[in-house]
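> Could you work out the structure for the sequence below:
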Amino acid sequence: MRVVPHWSSFLSFLLGSIAADIPDCNYFDTVNLTNSSKFPNGSYSYERLIIPPTLTGEYDYELLFNGNSRAVPSHTRGCVCKVRPCIRFCCPRSNVLQVNRCSPHIHNELSYKMTLDITQDNGSVTHKHIMEDFVVQEELPLPCSTHYALNRIKYTTDLWTLFENGTLLRQYDKKYLSKQEYCLQPRKSRKQNDGFNYTIVPYNCAIEPDWTMAYVKAASVVFMVITISIYLWLPQFQSLHGKCCNLYFICLTATFLLNLFSTFHVFDSTVACSINGYAGYFAAMATFLWLSVVSFNVWRRFQELQGTRRSSFFNYNLIAWTTAGALTLGVFLVDRLVPFSIKPDKTFPLVPAVGVFSCWILTESWSGMIYFYSPLTLFILFNITMFALTTHTIYLADKIRPKVWNGIGKQQMSMNRANYGVYVHLFIIMGVSWLLEIVAFICEIEKVFKPLIVANEIINCSQGIIIFLVTLCNRDMLRIIRKRNHDRRLSGDENGTCSLTQDCQLMQDIK
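Residues are numbered from 1 along each chain as shown. Below you'll find the model as predicted:
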């Protein structure tokens with residue numbers, strides 16, 4: 001007696017299973033015919049429809065929401081959706097979907113509008129009765145483990161279009177969903193005098209966030225902390241310019257950190273989420289303001305080459321923090337004085353809506369342009385102006401330098417040029433990033449140039465890493481750090497005072 005190898009048995013079983021499937025028919029276009037009447041010619045009767053033998057097949061498995069299959073007793077299925085268009089329900093028609101599961105209780109009193117707007121192939125919209133014009137599929141597995149409803153009656157962001165072939169268009173991201181990715185089910189919409197009213201809505205899979213950029217932003221926070229620590233550690237950064245740069249770094253780090261709190265849902269309560277949102281907005285505005293302070297201070301230093309007067313660090317703090325506070329207070333007052341509501345016939349009101357959908361300003365509408373990107377545009381224009389004026393001042397100074405400069409003037413110019421070099425690096429990094437942020441926001445609103453949106457996200461999340469590499473990872477900085485450690489070992493001085501060597505003087509000048 002010849003023994004068939006184990007792998008051959010498995011292959012035969014697999015080929016048999018494949019052969020039993022209905023040719024050119026998706027599993028999600030089939031229904032279970034176990035309880036249906038079978039005619040002598042092999043046809044089946046299902047909900048007053050005749051399914052021919054060519055559209056039936058034996059199945060010993062069922063598909064799960066993740067695409068995997070599970071072995072079940074062999075049963076007959078029919079490709080009913082080739083006979084009549086199908087509508088897929090998440091649960092039996094007398095049930096509701098509760099916490100991502102079908103409710104265990106049958107609601108005999110469940111009543112709802114039985115017609116749906118269906119978009120046909122030619123673009124026209126017709127009203128069709130789900131029981132008369134469609135086959136209702138009720139026993140397919142739920143699309144995924146976590147769902148959310150597209151409730152277009154309550155939210156204008158939840159608009160959707162159902163096509164005749166069963167495809168659903170999710171309007172807010174222009175995503176086409178197959179029947180494997182969504183299902184329909186009645187849902188409570190509003191309370192009537194005699195009870196709740198139910199409306200058929202699609203449930204689709206919760207969009208799993210891509211954490212890649214969040215981790216990049218977390219890495220940026222780490223690198224920014226290193227940059228801030230070095231600025232605090234080295235005495236060369238204790239000048240007015242160094243202090244302003246460090247405050248800019250601190251505000252940027254706080255902005256990123258608060259954004260990460262929002263991304264990872266650190267705060268669950270609405271109040272804590274709103275506080276996180278307003279604090280993040282304040283930190284973001286302060287970040288833009290401190291870079292503007294840096295640019296203004298560099299320009300002013302070139303204007304005062306022959307004098308010793310310096311801009312007051314106290315005045316800079318007063319202007320930066322009060323301006324950021326005033327902008328944040330304005331956002332807070334608009335949120336409190338203008339109620340946020342969404343109606344089917346209206347778009348989003350132009351309010352910040354901090355804490356409504358996320359712990360940040362609502363950026364899915366043009367309110368983001370009003371409260372965030374408009375101030376950002378003004379800051380960019382100011383920095384461009386300061387950059388141009390400073391460059392023009394340097395050009396004029398180079399022309400008169402041999403005639404009027406003394407030794408002190410040359411040293412002061414050297415210091416200012418070094419400060420200007422640091423500012424140019426920051427301006428290029430942040431100026432390009434901010435400008436790209438505005439353009440990407442408009443592209444996202446208009447749903448165009450997605451590669452630009454992705455590029456902006458990468459650059460924006462990597463700012464801390466880029467600043468670290470540009471400002472600290474250079475030959476002069478590494479030399480001065482080594483000298484700082486060397487001086488501390490020799491003198492035992494914890495403050496690590498810097499001697500006026502050529503290397504040390506160089507780093508004094510650039511900060």
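> per-residue confidence at the residue nearest to Ile370 when sequence neighbours are not counted?
Ranked by CB to CB, 6 or more residues apart in numbering and with sequence neighbours excluded, the top spatial neighbour of Ile370 is Leu350, at 6.0 Å. C-betas here are computed from N, CA, C, even on glycine. Confidence at Leu350, expressed as pLDDT, is 77.
> how close does Leu350 get to Ser274?
Applying CB to CB, to the nearest Å, the value for Leu350 to Ser274 is 18 Å.
> Kindly report the same for Gln236.
Computed as CB to CB, the Gln236 to Ser274 distance reads 41 Å.
> between the two, who's got more neighbours?
Neighbours per residue (other CB atoms under 10 Å) separate Gln236 from Ser274, with Gln236 holding more: 20 against 17.
> That one and Ile481 touch, don't they?
No. Judged on CB atoms under 8 Å, Gln236 makes no contact with Ile481 at a distance of 10.4 Å.
> Tyr59 versus His75, what's the distance?
Here His75 is placed at a distance of 6 Å from Tyr59 (CB to CB).
> which of those two has more neighbours?
Neighbour comparison, His75 and Tyr59: the larger count goes to Tyr59, with 20 against 14 (by other CB under 10 Å).
> before we move on, which element is the closest residue to Thr34 other than its chain neighbours in?
In this structure, Thr34 finds its nearest non-sequential neighbour in His75, 5.0 Å apart by CB to CB, 6+ apart. Taking DSSP states H and E as the criterion, His75 maps to strand 69-78.
> and the very next helix or strand once past that strand, what other elements does it pack with?
Sequence-wise, the next helix or strand downstream of strand 69-78 (DSSP H and E) is strand 86-88. With contacts defined as 3 or more CB pairs under 8 Å, 6 or more residues apart in numbering; DSSP states H and E, the packing partners of strand 86-88 are strand 135-137, strand 182-192.
> Which of those strands has the lowest mean pLDDT?
Among those, strand 182-192 scores lowest, at a mean of 75.
> still on that earlier bit, can you pull the contacts of the residue nearest to Thr34?
Asn32, Leu33, Thr34, Glu58, Tyr59, Asp60 (CB atoms under 8 Å, 6 or more residues apart in numbering).
> ok, now which ones touch the second one?
So that's Leu33. Here Leu33 is in contact with Tyr44, Tyr46, Ile51, Thr56, His75, Thr76, Arg77, Gly78 (CB under 8 Å, 6+ apart).
> wouldn't the residue nearest to Ile370 be in contact with Gly368 here?
No. Counting by CB under 8 Å, Leu350 sits too far from Gly368 to count as a contact (9.8 Å).
> re earlier: Ser36 versus the residue nearest to Thr34, what's the distance?
His75 sits 11 Å away from Ser36, going by CB to CB.
> same question, Glu181
Per CB to CB, Glu181 is found 27 Å from Ser36.
> rewinding a little: a markdown table for the contacts of His75, including pLDDT and secondary structure?
Rendered in a markdown table, the data for those read as follows (pLDDT from 0 to 100; DSSP: H, G, I helix; E, B strand; the rest coil):
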| residue | pLDDT | secondary structure |
| --- | --- | --- |
| Asn32 | 90 | strand |
| Leu33 | 92 | coil |
| Thr34 | 89 | coil |
| Glu58 | 91 | strand |
| Tyr59 | 92 | strand |
| Asp60 | 90 | strand |
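> thought Arg93 was touching Glu138?
Yes. Counting by CB under 8 Å, Arg93 touches Glu138, with 6.7 Å between them.
> ok, residues contacting stretch 266-273?
Contacts of stretch 266-273 (CB under 8 Å, 6+ apart): Leu260, Phe261, Ser262, Ile275, Asn276, Gly355, Ser358, Cys359.
> Select, from these, the two members most distant in space.
Largest separation among those by CB to CB: Leu260 and Gly355, giving 16.7 Å.
> Name the spans of the stretch 151-300 of the chain whose pLDDT lies under the cut-off.
For the stretch 151-300 of the chain, the stretches with pLDDT under 70 are 155-157, 189-196, 209.
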